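Trainee: need a 3D model of the following:
(4 chains)
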Number of protein chains: 2
Amino acid sequence: MTVMETSPGPAAAERHYTISEVAEATGLSAHTLRWYERIGLMPHVDRSGAGQRRYRDRDLRWLTFLGKLRTTGMPVADMVRYAELVREGDATFAERQRLLEETRRDVRARVAELQDTLAVLDHKIGSYAVARREAAYGADVASGS
Amino acid sequence: MTVMETSPGPAAAERHYTISEVAEATGLSAHTLRWYERIGLMPHVDRSGAGQRRYRDRDLRWLTFLGKLRTTGMPVADMVRYAELVREGDATFAERQRLLEETRRDVRARVAELQDTLAVLDHKIGSYAVARREAAYGADVASGS
DNA sequence: TAGGGCCTTCGAGTGCGCTCGAAGCAAGGG
DNA sequence: CCCTTGCTTCGAGCGCACTCGAAGGCCCTA
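Mentor: Okay, the predicted model is just below:
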């Protein structure tokens, strides 16, 4: 070992957030946040002396990341799997990488699909515009312009 | 009226498809195809003398289009709305155009979201690759290279 | 001492988009 | 003649991701 950069030192007490603050910030309900924990989506959240949740910045970041995964359409079960791997530590790097790469493939495919659809929409919207412009001439022979 | 290109003439009897063929082709089940019809997603499908569905090419094209809409995540109710407008004829061009433009906005937003996520995935996958490469040096002081 | 915010457990409900099954019947082909 | 394919109607079931409510309890602060 060459350097010693572990343990952040006794410095600045890190900010923390109550469940309702996090709900506010993420758009998830308190109910859902507890549910996430129950099903194993959260890598352990601190508690106050009284047993209330005290979310840290890393928790918020994790939730944000989960949000990203959700927007990919990844099933919750898979997110749980990933969260498990994270809890298991560095030994699971390879597996996690594999998982994310798979997800990335899916997302790319999905993007391609959507772009395809965009092309169709563009086309159809174009046709409507044309049709309406023609209709504007009325049923008669067109005048100039 | 200048040209006369309406009515396809008494030529070639158009190909048609049974429900199971369409199911095969689209990946939808026969059950679902009938359901689409029931809820008003299909603009009338022909029947044989015996009352069996005879899908035409335009029906297949319509189903393909519906598939596109589905991949956008558009709720079925909205697709039904669009189908209604189509049935109502040319008078609804403006409304249909509006609907598709709205959808296009949504799809574009979704694509942006996904590309955002892709960036995150790329980043994370990159980190894993780096971490593993470093781990490969073992716990000791690194040799050369 | 009252109120608010949070805790737990439990279990039911919701919305969506199918999905399936059953019953009973008709047409068409080998 | 039978088998396959399809038809109808009806209604229940499913998987997912929440979502909600109730009951009963703890701590803090105004």
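Trainee: so chain A: which segments form each domain?
Mentor: A:14-74, A:89-137 (automatic domain parsing).
Trainee: check whether the last one comes near chain B.
Mentor: This means domain A:89-137. Yes - for domain A:89-137 and chain B, the contact criterion (C-beta under 8 Å from any C-beta of the partner chain) is met by A:90, A:93-94, A:96-97, A:100-101, A:103-104, A:107-108, A:110-111, A:113-118, A:120-122, A:124-125, A:128-129, A:131-132, A:135. Every residue, glycine included, has its C-beta placed from N, CA and C.
Trainee: interface residues of chain A facing DNA strand D?
Mentor: Contact residues (C-beta under 7 Å from any atom of the strand) of chain A with DNA strand D: A:28, A:29, A:31, A:32, A:35, A:49, A:50, A:51, A:70, A:75, A:76, A:77.
Trainee: those residues, buried ones only, as a ChimeraX selection?
Mentor: Applying 16 or more other C-beta atoms under 10 Å in any protein chain shown to these, the buried members can be selected in ChimeraX as follows:
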select /A:28
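Trainee: of all the residues of chain A next to DNA strand D, which two lie farthest apart?
Mentor: Of all pairs drawn from the residues of chain A next to DNA strand D, the widest gap by C-beta to C-beta lies between A:49 and A:75 and measures 37.0 Å.
Trainee: that older thread, can I get the residues of chain A next to DNA strand D in a markdown table with distance to residue A:86 and secondary structure?
Mentor: Converted to a markdown table, those look like this (distance: C-beta to C-beta, whole Å; DSSP: H, G, I helix; E, B strand; the rest coil):
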| residue | distance to residue A:86 | secondary structure |
| --- | --- | --- |
| A:28 | 19 | coil |
| A:29 | 24 | coil |
| A:31 | 24 | helix |
| A:32 | 20 | helix |
| A:35 | 19 | helix |
| A:49 | 27 | coil |
| A:50 | 28 | coil |
| A:51 | 24 | coil |
| A:70 | 16 | helix |
| A:75 | 17 | coil |
| A:76 | 15 | helix |
| A:77 | 15 | helix |
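Trainee: check which helix or strand the residue nearest the centre of chain A maps to.
Mentor: Note on chain A: the residue nearest the mean C-alpha position is residue A:68, at 1.4 Å, using C-alpha atoms, centre = their mean. Counting by DSSP states H and E, the element that carries residue A:68 is helix A:57-71.
Trainee: which residues are in contact with stretch A:69-86?
Mentor: A:39-43, A:66, A:92, A:95-96, A:99-100, A:103, A:106-107, A:110, B:113-114, B:117 (C-beta atoms under 8 Å, 6 or more residues apart in numbering or on different chains).
Trainee: select only the buried ones of those in PyMOL?
Mentor: To isolate the buried ones among the contacts of stretch A:69-86 in PyMOL, judged by 16+ other C-beta under 10 Å, type:
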select buried, (chain A and resi 41+42+66+92+96+99+100+103+107+110) or (chain B and resi 114+117)
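Trainee: for the lowest-mean-pLDDT helix or strand in chain A, name the packing helices and strands.
Mentor: Least confident helix or strand, chain A: helix A:93-135 with a mean of 94, by mean pLDDT, DSSP states H and E. When contacts are defined as 3 or more C-beta pairs under 8 Å, 6 or more residues apart in numbering or on different chains; DSSP states H and E, helix A:93-135 packs onto helix A:76-88, helix B:57-71, helix B:93-135.
Trainee: CSV for those helices, including distance to residue B:18?
Mentor: Converted to CSV, the helices and strands packed on helix A:93-135 look like this (distance: least, C-beta to C-beta, whole Å):
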stretch, distance to residue B:18
helix A:76-88, 38
helix B:57-71, 12
helix B:93-135, 30
